[in-house]
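A.B. asks: Provide a 3D model corresponding to the input given below.
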Amino acid sequence: LTGHARTLADALVAFASVGGGERVEEAWGRALQAAQQRGVSQPHGEWATLARSVAHACAHHPAARALVAADPILNNAPKMLYMSGGQMGCPIVFRGPNGAAAGVGAQHSQCFAAWYMSIPGLKVLAPYDAEDARGLLKAAIRDPDPVVFLENELMYGESFPVSNEALSTDYVAPIGKALVMKPGTDVTLVSFSKMVGFCKKAADELAKEGIEAEVINLRSLRPLDRDAIAASVRKTNRIVVVEEGWPQAGVGAEIATMVMEDAFDHLDAPVERITGVDVPMPYAANLEKAALPQVEDIVRVAKRVCYK
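C.D. replies: The predicted model follows:
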């Protein structure tokens, strides 16, 4: 945000009760300085903060804000261009944590990716590694439409190698394009955010048993890269979709339908999906682990579709 803000003299950064200690305050200070002080610190009123950010975005001041109130995200920003007859867009980025955390209970540990990606007018991004986060956030800020930027907070403490290309000030990741993290020929593993790492670990375990899994990092959930998914299925003839969210009307359900529409004749096994258990997230650590996909679950299901 700090590096990109220098190119956005008209950007507004809205936040409520930053807190988090001196290092967090210092980071926000650098970002606001780079954005020519166009920062607004507001009381911790979630709906009012987002509603104000949407209003600023409609006046052509790109805004970035956390995912803290549903109505402005789902009912205001994505419909503005349509309801104004194309006269007024809403270039805004709603960014914040999504997916399972650790030990924070049912209300703070859940995945709303499928909910957001079902809304016409929104673009929905879910980075996995550092290059995703850097490139996709820059793309989101530059995009003329409202973008929901979903980050798994457990990934904040992870380190990843970053290429020289991604470190370039000109680097921007394309919205709507999936990324093949590991090529393979026997089964396709499709996921996003934190679960991409689990799929990569599962692919390493499957390779020990002679199964070459292709791992696809979706990165963009809306628009979804149908072509990349279908192309992989035509090569491997099998697909397993992995997500932390609930099964009913989930990301995996959408992708399963897409595969049936785009690559049904190439399937040698039913489409499989691995999801979180259909319950509110338990607080106890052992139950929390049981409620979420694990690497061994991905290995087991991938072997099943390969009939091994």
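A.B. asks: from here on, contacts and neighbour counts on C-alpha atoms
C.D. replies: Will do.
A.B. asks: so what's the most centrally placed residue in the chain up against?
C.D. replies: Closest residue to the average C-alpha location of the chain: Ala126 at 1.4 Å, with CA atoms, centre = their mean. Residues near Ala126 by CA atoms under 8 Å, 6 or more residues apart in numbering: 149-151, 192-193, 218-221.
A.B. asks: can we see that at 10 Å?
C.D. replies: 95, 98, 113, 132-133, 136-137, 148-152, 192-194, 217-222 (CA atoms under 10 Å, 6 or more residues apart in numbering).
A.B. asks: One more: Pro120?
C.D. replies: 74, 78-79, 222.
A.B. asks: mind listing the helices for the stretch 101-250 of the chain?
C.D. replies: Applying DSSP state H, counting those that start in this stretch to the stretch 101-250 of the chain gives helices spanning 113-117, 130-142, 164-167, 194-207, 226-236.
A.B. asks: Relative to Leu287, tell me which of those helices wins on proximity.
C.D. replies: helix 194-207 (18.4 Å; CA to CA).
A.B. asks: Who are the packing partners of that closest one?
C.D. replies: strand 179-182, strand 187-191, strand 213-217, strand 239-242, helix 295-305 (3 or more CA pairs under 10 Å, 6 or more residues apart in numbering; DSSP states H and E).
A.B. asks: Dump these into JSON lines; add mean pLDDT and distance to Met88 as well.
C.D. replies: Shown next, in JSON lines, are those (pLDDT from 0 to 100; distance: least, CA to CA, whole Å):
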{"stretch": "strand 179-182", "mean pLDDT": "98", "distance to Met88": "33"}
{"stretch": "strand 187-191", "mean pLDDT": "98", "distance to Met88": "34"}
{"stretch": "strand 213-217", "mean pLDDT": "98", "distance to Met88": "33"}
{"stretch": "strand 239-242", "mean pLDDT": "98", "distance to Met88": "37"}
{"stretch": "helix 295-305", "mean pLDDT": "98", "distance to Met88": "45"}
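A.B. asks: export the ones you listed to a markdown table and tack on mean neighbour count?
C.D. replies: Listed next are those as a markdown table, based on neighbours: other CA atoms under 10 Å:
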| stretch | mean neighbour count |
| --- | --- |
| strand 179-182 | 16 |
| strand 187-191 | 27 |
| strand 213-217 | 26 |
| strand 239-242 | 26 |
| helix 295-305 | 18 |
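A.B. asks: Quick one, which of these gets closest to Lys200.
C.D. replies: strand 213-217 (6.5 Å).
A.B. asks: Report all helices and strands that that closest one contacts.
C.D. replies: Judged by 3+ CA pairs under 10 Å, 6+ apart, strand 213-217 is in contact with strand 179-182, strand 187-191, helix 194-207, helix 226-236, strand 239-242.
A.B. asks: can you tell which of those is closest to Gly103?
C.D. replies: Using CA to CA, these put helix 194-207 closest to Gly103, at 16.6 Å.
A.B. asks: how far off strand 213-217 does that closest one point, in degrees?
C.D. replies: Interaxial angle, helix 194-207 versus strand 213-217 (axes from the mean of the first three to the mean of the last three CA atoms, to 10 degrees): 170 degrees.
A.B. asks: and helix 194-207, average pLDDT?
C.D. replies: Helix 194-207 shows an average pLDDT of 98 in the prediction.
A.B. asks: ok, now stretch 85-102?
C.D. replies: The average pLDDT within stretch 85-102 is 90.
A.B. asks: Done for today, thanks.
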